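A.B. asks: Sequence isn't available, so here's the structure alone:
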């Protein structure tokens, strides 16, 4: 049985930070191969000049149907690399990664493998930045993985199938090298099964219906698992109270067609004063709607948080 504590990666340990871009394949705790790309901090940037990038890496978690090679993901990586090294990766079922998408459940294991790889490259401080589905994943990952040593079984559901990430909300669990030091969640849902907007109703059709999954595979190049969640994973709003003391930034557009503003407000309220909330005027949804100005402000926040 696999648990949240079982992340593995195929890259060799590198004791010092690399200055060269590289592409590799990571192996998750449940045995899925994930493509990942490392982008070093841009030479001559503000972070590079004062040494601020020496210990920091930003790990970017894309939205549903995204991948490392999508233009919006590459744009985010280019902006973030002006402040720190950046790791991007394709979630399972996306891009050249193996497996099938579970739309936010086992994807926590994908993110854990990317974070552990960043630490193996010598980065002492890791910031996770997630968009939409990736935004929910970074919240759950931060709640489930901790810098403190804890028993591997804590926080996992012993009745779950192999590779399922447990739902228990009362404790942290996970390998210490896979924890994050700060979290940015952009355009994330607060709760599961939301169907209150037309785009979300269409997305549920893609995920839950055989014909929809065919559209997802050939229309959006996303391979979707046909199985229902069992157990239902910890929801984003349940995860948020478990993230402190790690700094948390919640970003959401007031023109988001998928999730209205009650979602980010619920997340911020659940943080009990420990999160910062940015409601962006005129912004739509996720990485496609994040312009260079917003990405730069997020990068600045990751450097100062």
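C.D. replies: Looks like it arrived, so ask away. Bear in mind the structure is a predicted one, so any value in this text is a computation, not a measurement.

A.B. asks: Strands of the chain, residue ranges please.
C.D. replies: 22-27, 33-39, 56-61, 85-89, 125-131, 182-186, 248-253, 275-280 (DSSP state E).

A.B. asks: Walk me through which strands the first one pairs with, and which way each runs.
C.D. replies: As defined by DSSP bridges, the strand partners of strand 22-27 come to strand 33-39 (antiparallel).

A.B. asks: The last one now?
C.D. replies: According to DSSP bridges, the neighbouring strands of strand 275-280, each with its direction, are strand 248-253 (parallel).

A.B. asks: quick one: the strand it pairs with to strand 125-131, angle?
C.D. replies: 20 degrees (axes from the mean of the first three to the mean of the last three Cα atoms, to 10 degrees).

A.B. asks: ok, residues contacting strand 248-253?
C.D. replies: 142, 182-188, 240, 259, 261, 263-264, 267-268, 271, 274-280, 282-285, 289, 294, 298, 301, 305 (Cβ atoms under 8 Å, 6 or more residues apart in numbering). Every residue, glycine included, has its C-beta placed from N, CA and C.

A.B. asks: Please apply the same query to stretch 215-222.
C.D. replies: Applying Cβ under 8 Å, 6+ apart, the contact partners of stretch 215-222 are 64, 65, 67, 93, 94, 95, 101, 206, 207, 223, 224.

A.B. asks: Go again with 10 Å.
C.D. replies: If you take Cβ atoms under 10 Å, 6 or more residues apart in numbering as the criterion, stretch 215-222 is touched by 64-67, 70, 91, 93-95, 100-101, 103, 202-203, 205-207, 209, 212-213, 223-224.

A.B. asks: Helices of this protein, start to end?
C.D. replies: For the chain, applying DSSP state H gives helices covering 46-50, 71-80, 107-120, 133-144, 198-208, 210-219, 236-239, 262-270, 286-289, 292-304.

A.B. asks: how much space between the closest residue in space to residue 186 that isn't next to it in sequence and residue 213?
C.D. replies: Ranked by Cβ to Cβ, 6 or more residues apart in numbering and with sequence neighbours excluded, the top spatial neighbour of residue 186 is residue 251, at 4.4 Å. In this view, residue 251 and residue 213 are 30 Å apart by Cβ to Cβ, to the nearest Å.

A.B. asks: of these two, who's got more company?
C.D. replies: Taking other Cβ atoms under 10 Å, residue 251 and residue 213 do not tie; residue 251 has more neighbours (25 against 20).

A.B. asks: Read off the pLDDT value for that one.
C.D. replies: pLDDT, residue 251: 98.

A.B. asks: ditto for residue 4
C.D. replies: With respect to pLDDT, residue 4 has a value of 42.

A.B. asks: what does residue 149 give?
C.D. replies: Note for residue 149: predicted pLDDT of 44.

A.B. asks: Wait, residue 118 touches residue 59, no?
C.D. replies: Yes. Using Cβ atoms under 10 Å, residue 118 is in contact with residue 59, at 5.9 Å.

A.B. asks: shared neighbours of the two, anything?
C.D. replies: Residues touching both residue 118 and residue 59 (Cβ under 10 Å, 6+ apart): 36, 85, 86, 87, 126, 127, 128, 180.

A.B. asks: Turn the residues you listed into JSON lines, columns for pLDDT, neighbour count and distance to residue 29.
C.D. replies: JSON lines is the format used below for those (pLDDT from 0 to 100; neighbours: other Cβ atoms under 10 Å; distance: Cβ to Cβ, whole Å):
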{"residue": "36", "pLDDT": "98", "neighbour count": "23", "distance to residue 29": "15"}
{"residue": "85", "pLDDT": "96", "neighbour count": "29", "distance to residue 29": "24"}
{"residue": "86", "pLDDT": "97", "neighbour count": "28", "distance to residue 29": "23"}
{"residue": "87", "pLDDT": "98", "neighbour count": "27", "distance to residue 29": "17"}
{"residue": "126", "pLDDT": "97", "neighbour count": "26", "distance to residue 29": "17"}
{"residue": "127", "pLDDT": "98", "neighbour count": "31", "distance to residue 29": "22"}
{"residue": "128", "pLDDT": "98", "neighbour count": "31", "distance to residue 29": "17"}
{"residue": "180", "pLDDT": "95", "neighbour count": "25", "distance to residue 29": "16"}
